[in-house]
Every structure is written in C-alpha cells, then in structure tokens.
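Student: Provide a 3D model corresponding to the input given below.
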Amino acid sequence: MSYLPCVQLDPATTASATVIWLHGLGADGHDFEPIVPDLGLPANAPVRFIFPHAPSLPVTINGGLVMPAWYDILETGLERRVDLAQLTASARQVERLIDREQARGIDSRRILMAGFSQGGAVAIQVALTYPQRLAGLLGLSTYFASKDSLQADPANARLPIRLYHGNLDPMVPESIGRTSYEALVKRGYEVAYKTYPMGHSVCLEEVRDIGMWMREILSLE
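Tutor: Purely as a prediction, here's the structure:
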C-alpha cells in the first residue's frame, strides 16, 4: 500500500501516541515541524509527530498554478467553494496513515488529528468520518468545508475538538471560522473555540495552548 510522504519526528522513547498534522495550501510537511519544541511537552513524551506532504495540484483561485494542495479551491468568499471529491480523496489518504499507526501499535484513541487552513478542513473530514475513536481534533485558522455533505461516523460523536483562529485573518476570515464552529455545535459536537490577535498564522500563545491541550488529551505528565 502506498502512503503520503511525510516528515516524521519520533520520540526518544517508544511512541504510545501520534499527532498527524496537515499543512496549509502551498506549504509542505516541514511547515509545522519547527514548533514542536515550543509546545512545551515533557522531554520524555512518547509522542510521534507526522507531518504529511500534500500532492501538487492546479489551484483555481491561484490562476491554475500547480502547488502543494489537499484539494482545489474554486472560489473564495464566505462559502469557500472547494472540490469536495479531492478533499475526500485526501482524507482517505490520511486515513491510511492512521491505519498505519495502529499497525505500529498506537491505539486509535491516542491518535490526534490536526490541521492548518486547508489542512484543517481535511483533518475535520478525517476525524468526523473515521470509524474508530480518535484522541481529538485540532483545527487552526480553518473551516468546515464539507459541512453540508459530511456523513459522520458515530465512533467520534464525542470527540474533543478545538478550533483556534486569528481575528485579523485576511485569508480565512474569522467569521468563517465561527460559522464552522457553529455548524459543528449544531451537529452535536463538543467544541472549544478561541481567537488570537493575529492574521493567517500561528502565535506563541496559541502554540502554548495547543501544547497544554495535548498534555490533557494524551495524558502526558
């Protein structure tokens, strides 16, 4: 079976948990690799980080330019019209990574899905449709692209979800993030939503909040 190419950071000890973190449009798996030390996790935390690389696709909103993308974005605006077939295909590829982690001995309940922007939309799709319980879902500066079509699996009906967004974001306006939060809550999910004074990026306060949540979700001492 073929898998997405990935950047993988292994712990010093045997891994008992995994974070799969998806980058945004035009980036690659190295994008979030440098922030791992800033999460403030224990030095001996048995957590493996996997940062997949998206395939290269022509992106309509960028004039058809070929770049790393999880799916094509057909138009911007509040609805963020996207190619849902490509989004679903990317989600299936990420699911294979979850399956592989389980084959390596990681319980699905200790696998956390995370994603930034476009990668966050895929992470939402993966986490809510995966047929086994996961540890949690982290969406950064992202949106619920498949909110009108997603068929959720009940295995993750009680999944802990965190959505973080910049209130100065010019690329994915915070109003889209809030609408996505409301759509998830309407579906019955337990979601915590927080904003930061930043644009389409991450900030140190946010990174520290992520680290604290990971400690809680993955029971890290």
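Student: use CA for all of it now, contacts and neighbours both
Tutor: Fine.
Student: what is the burial count for Leu204?
Tutor: A count of nearby residues for Leu204, using other C-alpha atoms under 10 Å, gives 11.
Student: please report how far it lies from Ile35.
Tutor: With distances taken as C-alpha to C-alpha, to the nearest Å, Leu204 is found 9 Å from Ile35.
Student: cool, and Gln93?
Tutor: Distance of Gln93 to Ile35, given as C-alpha to C-alpha: 24 Å.
Student: can you pull the contacts of Asp10?
Tutor: Contact partners of Asp10, counting by C-alpha atoms under 8 Å, 6 or more residues apart in numbering, are Val47, Arg48, Phe49.
Student: an error on my part: the question was meant for Pro170.
Tutor: Counting by C-alpha under 8 Å, 6+ apart, Pro170 touches Gly199, His200.
Student: just to revisit the earlier point, need the contacts of Asp10 in CSV (columns: secondary structure, distance to Leu184 and pLDDT).
Tutor: Output for those, formatted as CSV (DSSP: H, G, I helix; E, B strand; the rest coil; distance: C-alpha to C-alpha, whole Å; pLDDT from 0 to 100):
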residue, secondary structure, distance to Leu184, pLDDT
Val47, strand, 28, 98
Arg48, strand, 28, 98
Phe49, strand, 26, 98
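Student: return the member of the residues you listed nearest to Gly29.
Tutor: Closest approach between the contacts of Asp10 and Gly29, by C-alpha to C-alpha: Phe49, at 10.7 Å.
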